[in-house]
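> Here is a sequence with its predicted model. Questions after.
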Amino acid sequence: MLNFGLIGFPLGHSMSPLIHKELFRINRIDADYTLCEVNPKNFGEELKKKTEGFRGYNVTIPHKINIIPYLDKLSDRAELFGAVNTVDNRDGILTGHNTDCFGFLKALEMAEIDLEGNVLVCGSGGVSRMFAFESVLAGASLTIAVRDDDIEAGKMIVAEIKEKLNRDARLITLDEVKEPYDVLINGTPVGMYPNVDACVLPKEKVQGCKAVFDAVYNPMETQLIRFAKEKGIKCSNGLPMLVWQAAVAQEIWFGVKFSMDDVKSVLAITEKELMK
């Protein structure tokens, strides 16, 4: 049996074992997937011990950046973002990949949302940074909206986009959001359980947009998604992205391919589990 897992700290309840085991089942792969808490205080030592014998593993907060010095190679996307969420172990050679970005793009495709025109990304954390980069790579005109306290973090993303992609992005505060956007993307945790009544933007600003993507998936229908649905706007929560990034990780590990129907079947099982 092949062994895989998720490293992070703390991990708490994670949907990853369920998702990966369902994906293994689709391809009849005899593999196991376990949760491995790795304390940042003695990261290198714990990482080696807990991932020994692993054919590959996923990486989550807070290790997506500090894993990099322990790897032999990085994929193009992992290098561009400076963040790794998937490690492939081939005969002891460790390659870091970023499948979050492909999960995001596949989730948009599933929701029939085109990443084009004027795109607004809310937030300045790691996932917002990835959303910002992917928007620019897709040729969109990007605006990043942040809280007043996060202006400096936002400036860093704008500078990095200029340096790495030679493209300009606009930075504003969330209070300054005015014009409607073709795509509104929430990369903040606003609206996540238990603060389910919160929304990153007021209702009228949300409903002026043509499409909405919310990285939050607990609850599955955030206030942001509810506002979009009320207006009949194309929208998606973050659960398809979570399932797709796992599917792309397995495509790297095994050289397999997953169809939209494959992922929809895993998504249905994951949604049912979340609603328990």
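All right, it came through fine. Numbering: from 1, shown residues only.
> The helix or strand hosting residue 78 - contacts with which helices or strands?
In this assignment (DSSP states H and E), residue 78 forms part of helix 76-81. When contacts are defined as 3 or more C-beta pairs under 8 Å, 6 or more residues apart in numbering; DSSP states H and E, helix 76-81 sits against strand 93-97, helix 100-110, helix 126-137. For every residue, glycine as well, the C-beta is placed using N, CA and C.
> What residues sit buried inside that helix?
Of the residues in helix 76-81, 77-78, 80-81 count as buried by neighbour count, 16 or more other C-beta atoms under 10 Å.
> between the residues you listed, which is nearest residue 87?
residue 78 (9.7 Å; C-beta to C-beta).
> List the residues that contact that closest one.
68, 84, 96-98 (C-beta atoms under 8 Å, 6 or more residues apart in numbering).
> Could you dump the residues you listed into TSV and include neighbour count?
Formatted as TSV, the contacts of residue 78 follow (neighbours: other C-beta atoms under 10 Å):
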residue	neighbour count
68	16
84	28
96	23
97	26
98	25
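> between those, which is closest to residue 196?
Residue 196 has its nearest neighbour among these in residue 98, at 29.4 Å by C-beta to C-beta.
> From what I see, that closest one and residue 130 are in contact.
Yes. The pair residue 98 / residue 130 is scored as a contact, 7.4 Å apart, by C-beta atoms under 8 Å.
> circling back to that earlier point, tabulate the helices and strands packed on helix 76-81 in a markdown table, adding columns for mean pLDDT.
Output for those, formatted as a markdown table (pLDDT from 0 to 100):
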| stretch | mean pLDDT |
| --- | --- |
| strand 93-97 | 98 |
| helix 100-110 | 97 |
| helix 126-137 | 95 |
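> closest to residue 247 out of the ones you listed?
Of all the helices and strands packed on helix 76-81, helix 100-110 comes closest under C-beta to C-beta, at 7.7 Å.
> So residue 126 sits against residue 64, correct?
Yes. At 6.4 Å, residue 126 counts as touching residue 64 under the criterion of C-beta under 8 Å.
> show me where this protein has strands.
Secondary structure of the chain, counting by DSSP state E: strands at 2-8, 31-37, 56-59, 73-74, 86-90, 93-97, 118-122, 141-146, 170-173, 183-186, 211-214, 234-236.
> Can you add distance to residue 192 and give those strands back as JSON lines?
Shown next, in JSON lines, are these (distance: least, C-beta to C-beta, whole Å):
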{"stretch": "strand 2-8", "distance to residue 192": "17"}
{"stretch": "strand 31-37", "distance to residue 192": "20"}
{"stretch": "strand 56-59", "distance to residue 192": "20"}
{"stretch": "strand 73-74", "distance to residue 192": "30"}
{"stretch": "strand 86-90", "distance to residue 192": "23"}
{"stretch": "strand 93-97", "distance to residue 192": "26"}
{"stretch": "strand 118-122", "distance to residue 192": "13"}
{"stretch": "strand 141-146", "distance to residue 192": "17"}
{"stretch": "strand 170-173", "distance to residue 192": "21"}
{"stretch": "strand 183-186", "distance to residue 192": "10"}
{"stretch": "strand 211-214", "distance to residue 192": "10"}
{"stretch": "strand 234-236", "distance to residue 192": "16"}
